[in-house]
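J.: Got a sequence here, can you build the structure:
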Amino acid sequence: MRIASLVPSATEALFSLGLGDDVVAVTHECDWPAAALERPRLTRSEIPEGLSPREIDEAVRELTAKGEAIYGLDSAELERLEPDLIVTQALCAVCAVSYDDVCSIAGALPGDPSVLSLDPETLDEVLGDLVRLGAECGVPERGDSLRRDLRRRLDAVRAAVEGAPRPRVVALEWLDPPFIGGHWVPEMIEAAGGVDALGEAGVKSRTGTWDELRAAAADVAVVMPCGLYADEAAAQAGDHAGELEALNAKRIWAVDAASSFSRPGPRLVDGVELLAHLLHPDRAEAPPGLEFRRL
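T.: Now for the predicted structure:
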């Protein structure tokens, strides 16, 4: 099977299912595993480089208000690659090429490729999509096996933190303006032995105010700007040091959101393991390969 992946989480899932050799193209943001970097890139961002976080937010809002695309798709390259399956998403307009655009382009391609949209809103749905993806690709047993393995790891984290005091946590998916983490993030915090002070599981991330964040009386703040890595998160946090200090949280961390928080794929479980270490370092070790910074 020839598979084109138009969302990083799908790329990560496909490689985790042992289907990397079937992946013929990926997005400009696909950077894990390393083998994904060797595939042709089908997308590009329409947001200019070098913008501040506030300017990025404003540019995204302006484009979406006009109904214009945030990402461009190289339809000629997609046609040349002749995929049998295109994997995308419709959950978030900011995260990938428009689902409607993908379906329109796919419908005009020779060979009539299938389009599979993965749109999980909860942690359980993320794991379920691994089964769906495996079945669509003809390896249902691999999807079942991967889901079982990930659930075992989640159960191990829950067992490790059972009975420990649960700190109040705020998860910040952007800082200017502040975005409060939603979807699967509150469940990740709960599994890691915390209480999400503001986010709601299965509900979209939302903008908040610094006054609201201060009133949440969080013990721990986790800075996880969507799609960014720990160094970039720490840099954003440095630009808002005063606002973060005013939260009066005992601990403030910057983490690799792109690796294990913002992409709904297998590595969310790595994120749960990391959160467990940040919240309960005496009960859980940090997983290897993830960067994080104490602020």
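J.: Name the helix or strand for Arg44, please.
T.: Per DSSP states H and E: Arg44 is located in strand 43-45.
J.: outside of that strand, which residues touch it?
T.: 6, 27-29, 70-74, 96-97 (C-beta atoms under 8 Å, 6 or more residues apart in numbering). All C-beta spots, glycine's among them, are computed from the backbone N, C-alpha and C.
J.: which of the residues you listed has the weakest pLDDT?
T.: Across the contacts of strand 43-45, the smallest pLDDT goes to Ala96, namely 64.
J.: Helix or strand: which one has His277?
T.: Assessed by DSSP H and E, His277 sits inside helix 268-279.
J.: I meant Glu232, not that one.
T.: Glu232 is located in helix 230-239, with elements delineated by DSSP H and E.
J.: returning to what we had before: could I get the helix holding His277 in PDB with only the CA atoms?
T.: Extracted C-alpha coordinates of helix 268-279, given in PDB (Å, rounded to 0.1, in the frame of the first residue of the first chain):
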ATOM      1  CA  LEU A 268       1.000  10.900  24.200                       C
ATOM      2  CA  VAL A 269       1.800   8.000  26.500                       C
ATOM      3  CA  ASP A 270       5.300   9.300  26.700                       C
ATOM      4  CA  GLY A 271       3.700  12.600  27.800                       C
ATOM      5  CA  VAL A 272       1.700  11.000  30.500                       C
ATOM      6  CA  GLU A 273       4.900   9.300  31.800                       C
ATOM      7  CA  LEU A 274       6.700  12.700  31.800                       C
ATOM      8  CA  LEU A 275       3.800  14.400  33.600                       C
ATOM      9  CA  ALA A 276       3.900  11.700  36.300                       C
ATOM     10  CA  HIS A 277       7.600  12.500  36.800                       C
ATOM     11  CA  LEU A 278       7.000  16.200  36.900                       C
ATOM     12  CA  LEU A 279       4.100  15.900  39.400                       C
END
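J.: helices and strands around that helix, which ones?
T.: Secondary-structure packing of helix 268-279 (3 or more C-beta pairs under 8 Å, 6 or more residues apart in numbering; DSSP states H and E): helix 140-161, helix 185-191, strand 220-223, strand 251-255, helix 257-260.
J.: The same query, at a cut-off of 7 Å, please.
T.: helix 140-161, helix 185-191, helix 257-260 (3 or more C-beta pairs under 7 Å, 6 or more residues apart in numbering; DSSP states H and E).
J.: weakest of those helices by average pLDDT?
T.: Of all these, the minimum mean pLDDT falls on helix 257-260 (a mean of 95).
J.: which outside residues touch that helix?
T.: 224-229, 233, 267-268, 270-271, 274, 290 (C-beta atoms under 7 Å, 6 or more residues apart in numbering).
J.: again, but for stretch 162-177
T.: Where contact means C-beta under 7 Å, 6+ apart, the residues beyond stretch 162-177 that reach it are 53-54, 57, 178-181, 185, 189, 193-199, 205, 207, 213, 216-226, 236-237, 240, 279-280, 283.
J.: how distant is stretch 134-152 from the center of its chain?
T.: On the basis of C-alpha atoms, centre = their mean, to the nearest Å, stretch 134-152 sits 20 Å off its chain's mean C-alpha point.
J.: For it, buried residues please.
T.: Neighbour-count burial for stretch 134-152 flags 134, 136-137, 139, 142-143, 145-147, 150 (criterion: 16 or more other C-beta atoms under 10 Å).
J.: What is the strand or helix carrying Glu55 packed up against?
T.: Assessed by DSSP H and E, Glu55 sits inside helix 53-66. Using 3+ C-beta pairs under 7 Å, 6+ apart, the elements in contact with helix 53-66 are strand 168-175.
J.: For the strand it packs on, output the C-alpha coordinates as CSV.
T.: Extracted in CSV, the C-alpha atoms of strand 168-175 (Å, rounded to 0.1, in the frame of the first residue of the first chain):
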residue,chain,number,x,y,z
ARG,A,168,-3.7,21.2,40.8
VAL,A,169,-2.3,21.7,37.3
VAL,A,170,-2.7,24.3,34.5
ALA,A,171,-1.7,23.3,31.0
LEU,A,172,-0.9,26.2,28.7
GLU,A,173,-1.0,25.4,25.0
TRP,A,174,-0.1,29.0,24.1
LEU,A,175,0.9,32.1,26.0
